[in-house]
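Q: what follows is a predicted structure for the sequence shown.
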Amino acid sequence: MSNIFSLEGKIALITGASYGIGFGIATAMHNAGATIVFNDIKQEFVDKGLAAYKEAGIDAHGYVCDVTDENAVNEMVAKIEKEVGVIDILVNNAGIIKRIPMCDMTAAEFRQVIDVDLNAPFIVSKAVIPSMIRKGHGKIINICSMMSELGRETVSAYAAAKGGLKMLTRNICAEYGADNIQCNGIGPGYIATPQTAPLRETQADGSRHPFDQFICSRTPAGRWLNPDELGGPAVFLASDASNAVNGHILYVDGGILAYIGKQP
Ligand code: NAP
Ligand code: GCO
């Protein structure tokens, strides 16, 4: 059986992938044969990302681009197509979170989270789909969240965005499945990255952060997950092995959604 999990000859754009989950997914896709392209907001972060990829033995292509800026995104995609080639795989990974009680959050703060976590995946997907159609295939992977299914205090904007991203995933599936484009989501559980670092900080008295203990009690394995544990699922959804999978959100959560939690 030919290696249906291979990404040889494919070009993958992973947004916001200088580090964190995007870096973990990009590394796995490189190891499966893909050419890695990523972006970040500032040249400084792109340079740091390029150095980190080089250290990992990956000759990545880095671009400066704010994914909420439609003109900048269209210019970046055109530049990638000219300098690297047509994008076969898009991972909409770039994202932010603001942990603020809803009634304390300004409308501007709410809009900023929606802009990065929902509007940007729309913008970047719209920029790459036409070339995918011309090429006859494409894979889009949207990085959703536990908050695509669950709410919790202080993350109203983030949950609204990630719930919307789940439905944008299904709509791209519906609208472009006939063009041989598969659009799926990955719903990570709680992953140890800079985004969740505040939830794992050791307290002044040396004790573990309450949220750290909470998440470990809600995860059957009793631990936070690592970015590289998302690599395999991402390679699957980027490869021919998933050509019949479309509109699906693959939860890579260690079992959180299946588990009521460890009895105190
Ligand atoms: P992270 O460590 O905060 O990294 C986010 C990345 O997105 C950074 O490289 C950041 O660039 C980039 N970014 C933010 N806004 C951007 C913009 N406007 N344009 C371009 N790049 C932008 O986050 P992470 O934990 O790796 O999360 C990555 C994705 O997974 C996010 O969508 C997040 O919501 C999702 N997720 C995370 C977890 C988790 O537990 N960590 C779980 C489920 C889902 P800068 O460095 O320049 O800010
Ligand atoms: C939070 C966390 C989560 C994770 C992730 C869970 O504050 O609850 O940041 O939102 O980032 O989205 O799947």
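A: Nice, I can see it. Ligands and ions are numbered 1, 2, ... in the order given.

Q: go ahead and flag the most central residue of the protein.
A: Closest residue to the average C-alpha location of the chain: residue 93 at 2.6 Å, with Cα atoms, centre = their mean.

Q: for residue 13, see how far away that residue is.
A: As for residue 93, its distance to residue 13 is 10 Å (criterion: Cβ to Cβ, to the nearest Å). Where C-beta positions appear, they are placed from N, C-alpha and C, glycine not excepted.

Q: try residue 75
A: For residue 75 relative to residue 13 (Cβ to Cβ), the value is 14 Å.

Q: same drill for the two, tell me which one is more crowded.
A: The neighbour comparison of residue 75 against residue 13 (other Cβ atoms under 10 Å) goes to residue 13, with 27 against 14.

Q: was I right to think that one contacts residue 38?
A: Yes: with contact defined as Cβ atoms under 8 Å, residue 13 reaches residue 38; the gap is 7.2 Å.

Q: spell out which residues of the stretch 51-200 of the chain are next to ligand 1.
A: Contact residues (Cβ under 6 Å from any ligand atom) of the stretch 51-200 of the chain with ligand 1: 66-68, 93-96, 116, 143, 145, 188, 190-191, 193-196.

Q: let's see it at 8 Å
A: In this structure, the stretch 51-200 of the chain approaches ligand 1 at residues 65-69, 92-97, 115-117, 120, 143-147, 158, 162, 187-196, judged by Cβ under 8 Å from any ligand atom.

Q: burial count for residue 95?
A: Neighbours of residue 95 (other Cβ under 10 Å): 25.

Q: skip the chain neighbours and tell me the closest residue to it.
A: Computed as Cβ to Cβ, 6 or more residues apart in numbering, the closest residue to residue 95 that is not its neighbour in sequence is residue 117, at 4.8 Å.

Q: I'd like to know how many residues surround that neighbour.
A: Counted with other Cβ under 10 Å, residue 117 comes out at 29.
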